[in-house]
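[1] got a predicted structure plus its sequence, pasted below:
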Amino acid sequence: MELKTFRNNFLPTGMDKAQRDTVISAIFNEVTGRDFVTSLVMGYELDADELAKMNEYAARVQNGEPVQYVLGKWDFMGRSFAVDERVLIPRADTELLCELALEHIASMGSDVSVLDLCTGSGCIGISISLDAKNTSVFCSDISEDALCVAYENAKTLGAQIEFIQSDMLTNCGVYDVIVSNPPYIPSSIVDELDTSVKNFEPRGALDGGDDGLDFYRIIANEAKSHLTKNGALFLEIGYDQRDSVCKLLKDRGYINIECYKDIAQNDRVIKCILKG
């Protein structure tokens, strides 16, 4: 079968054509090792073994399973991270959180200590460790399963990370920078999410309580005891949470509070400083 025919026959419910092409491209590259766009233009013919494997993966996606879990990996900040149902899937929006933290760290000189709180797959902390050589990076999560995934990713990618199992900041030390992508979806909204999210991704990594702000309250209250003077806090937020999270931080004495938009022009990351 020609790749173009396979592509045209594959359009799962709720997936637009751009999303479809992202999925097929990832599956095709995994099965053949070839570039999807070039192969599509050149009229690539899938052989029997390739077609069978493509059909197997496509069927799982059509049943709602995220392609990231089907393939067992996904790219973040230019690197491939292992992912499965123990951890949240890395999103492109979260790269902004990483990039802003890296920019700040670069201005700080040497021996910068960084905590990736609610680390999940470890994609944020590991990326910072590999891209900012002047850091000591710690990754914490309440989930032992998530920490196992993060540990394997660090080992595979050659990142020097110290892992901490902790309910939020309970077992954590003091750091120059804390970054976090905590659960922030209101509980009532979690069950309304796409099937590929609510039925597969860990609810504990999604559910932020009744108003989605539970973990921001904890961080705003507790991070003051876990940041150095003039330490920086970076938080990913939901598109409609800027005002609420900024108020939480301001009321607790953080300064220089700034919000940054993602590529879709949604509010996505808040940066603030603990007053020295």
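    Sure thing, it's come through. Residues are numbered from 1 along each chain as shown.
[2] so which residues of the stretch 1-150 of the chain form helices?
    Secondary structure of the stretch 1-150 of the chain (DSSP state H, counting those that start in this stretch): helices at 3-9, 17-32, 36-41, 48-62, 67-71, 94-106, 123-131, 144-157.
[3] before we move on, what about the stretch 151-276 of the chain?
    187-190, 195-198, 214-222, 242-251.
[4] circling back: can I get the helices of the stretch 1-150 of the chain in JSON lines with mean pLDDT and mean neighbour count?
    Yep, even glycine has a C-beta here, placed from its N, CA and C like the rest. JSON lines is the format used below for the helices of the stretch 1-150 of the chain (pLDDT from 0 to 100; neighbours: other CB atoms under 10 Å):
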{"stretch": "helix 3-9", "mean pLDDT": "93", "mean neighbour count": "15"}
{"stretch": "helix 17-32", "mean pLDDT": "94", "mean neighbour count": "17"}
{"stretch": "helix 36-41", "mean pLDDT": "95", "mean neighbour count": "14"}
{"stretch": "helix 48-62", "mean pLDDT": "95", "mean neighbour count": "15"}
{"stretch": "helix 67-71", "mean pLDDT": "97", "mean neighbour count": "21"}
{"stretch": "helix 94-106", "mean pLDDT": "98", "mean neighbour count": "20"}
{"stretch": "helix 123-131", "mean pLDDT": "99", "mean neighbour count": "26"}
{"stretch": "helix 144-157", "mean pLDDT": "98", "mean neighbour count": "18"}
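[5] to residue 177, which of those helices lies closest?
    helix 94-106 (6.2 Å; CB to CB).
[6] export that closest one as PDB, just CAs?
    What follows is helix 94-106, C-alpha atoms only, in PDB (Å, rounded to 0.1, in the frame of the first residue of the first chain):
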ATOM      1  CA  THR A  94       6.100  22.900  28.500                       C
ATOM      2  CA  GLU A  95       9.300  23.600  26.500                       C
ATOM      3  CA  LEU A  96       8.600  27.300  27.200                       C
ATOM      4  CA  LEU A  97       8.900  26.600  31.000                       C
ATOM      5  CA  CYS A  98      12.200  24.900  30.300                       C
ATOM      6  CA  GLU A  99      13.500  27.600  28.000                       C
ATOM      7  CA  LEU A 100      12.700  30.400  30.400                       C
ATOM      8  CA  ALA A 101      14.400  28.600  33.300                       C
ATOM      9  CA  LEU A 102      17.500  28.000  31.200                       C
ATOM     10  CA  GLU A 103      17.700  31.600  30.200                       C
ATOM     11  CA  HIS A 104      17.500  32.600  33.900                       C
ATOM     12  CA  ILE A 105      20.100  30.000  35.000                       C
ATOM     13  CA  ALA A 106      22.500  31.200  32.300                       C
END
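[7] pick out the shakiest of the helices of the stretch 151-276 of the chain, pLDDT-wise.
    Ranked on mean pLDDT, the bottom entry among the helices of the stretch 151-276 of the chain is helix 195-198, at a mean of 90.
[8] residues of that one that come out buried?
    196-198 (16 or more other CB atoms under 10 Å).
[9] dump the residues you listed into JSON lines; add distance to residue 215 as well.
    Formatted as JSON lines, the buried residues of helix 195-198 follow (distance: CB to CB, whole Å):
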{"residue": "196", "distance to residue 215": "23"}
{"residue": "197", "distance to residue 215": "18"}
{"residue": "198", "distance to residue 215": "19"}
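[10] out of the residues you listed, which is nearest to residue 128?
    Using CB to CB, those come closest to residue 128 at residue 197, 25.6 Å.
[11] hmm, back to that, which among the buried residues of helix 195-198 gets closest to residue 169?
    residue 197 (26.7 Å).
[12] so the closest one sits against residue 203, correct?
    No: taking contacts as CB atoms under 8 Å, residue 197 lies outside contact range of residue 203: 9.7 Å.
[13] can you pull the contacts of residue 255?
    Residue 255 is in contact with 272-275, counting by CB atoms under 8 Å, 6 or more residues apart in numbering.
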